[in-house]
Every structure is written in structure tokens, then in C-alpha cells.
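let me see the structure of the following:
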Amino acid sequence: MVSNPPIPVPFTIPQAGYVTLVIEDSEGMRIRNLVSETYFPAGRNIAWWDGTDDLGRDIDAAKHGLYSIPARFVEPGEYTARGIWRKDVKAFYEFSVYA
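Numbering: from 1, shown residues only. Now for the predicted structure:
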């Protein structure tokens, strides 16, 4: 049996906040949504990728009661992680002084 260890995806953020990371192939096609709106502390962090893609998955699996979704490994090649980061949003109510 061949073991597929997870692949580290290191990234650094200047302040603690929410991170979204995607994996793209060499042609820029998104193949995996790695993390979405996940809180990480400031500094160097690592997200782990299992080497599988999101393509061809049944997005309604939970509606069918199917919670064991089979994984399909990506072909060997060159992949890029791309992401965005944001600070926590502090919502507050503002109103006009006039009626």
C-alpha cells in the first residue's frame, strides 16, 4: 500500500485574521479549495493538502446522506497555492443625526 503524506502549504500573514487558500494547476485552473475563511494567528502558518482535487465531487453528498466522499488524487505536476487574508470585521451601527 502506497502512503500519500499530506503536502505542507506554508504562508505568512502580517496580523491574525481569516485566510482563504486555493490550489491551481499550471494552467491557472482551480482544482481545490483548500481552506475557506479559516482563522489563523499572525506570522508563519501551514495548511495541509492531501493531494486530492475538488473536481467531479458530488456537491450534494450531504443531502444524499453520503459522508464518505471518495478522493481522486491529482496528476503529478506543478501546482500553485493562491490566497487572500483579511482582518476580523467589526460591525457597528451608524445613523444620521437628521430624521
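
in this structure, which ranges drop under the pLDDT threshold?
Where the chain drops to pLDDT under 70, the residues are 1-3, 56, 58-59, 66-70, 99.

quick one: residue 26 and residue 5, what's the gap?
Residue 26 sits 22 Å away from residue 5, going by CB to CB, to the nearest Å. All C-beta atoms are positioned from the backbone trio N, CA, C, and that covers glycine.

same deal with residue 91?
Distance, residue 91 to residue 5, using CB to CB: 41 Å.

tell me which of the two has more neighbours.
Per other CB atoms under 10 Å, whichever of residue 91 and residue 5 has more neighbours is residue 5, with 8 against 4.

need the three-state assignment for that one.
Following DSSP: H, G, I helix; E, B strand; the rest coil, we place residue 5 in the coil state.

one more: the one 4 residues further on?
Here residue 9 takes the strand state, with states given by three-state DSSP.

okay, and the beta partners of it?
Beta-bridge pairing for residue 9 (DSSP bridges): residue 47.

great, nothing more from me.
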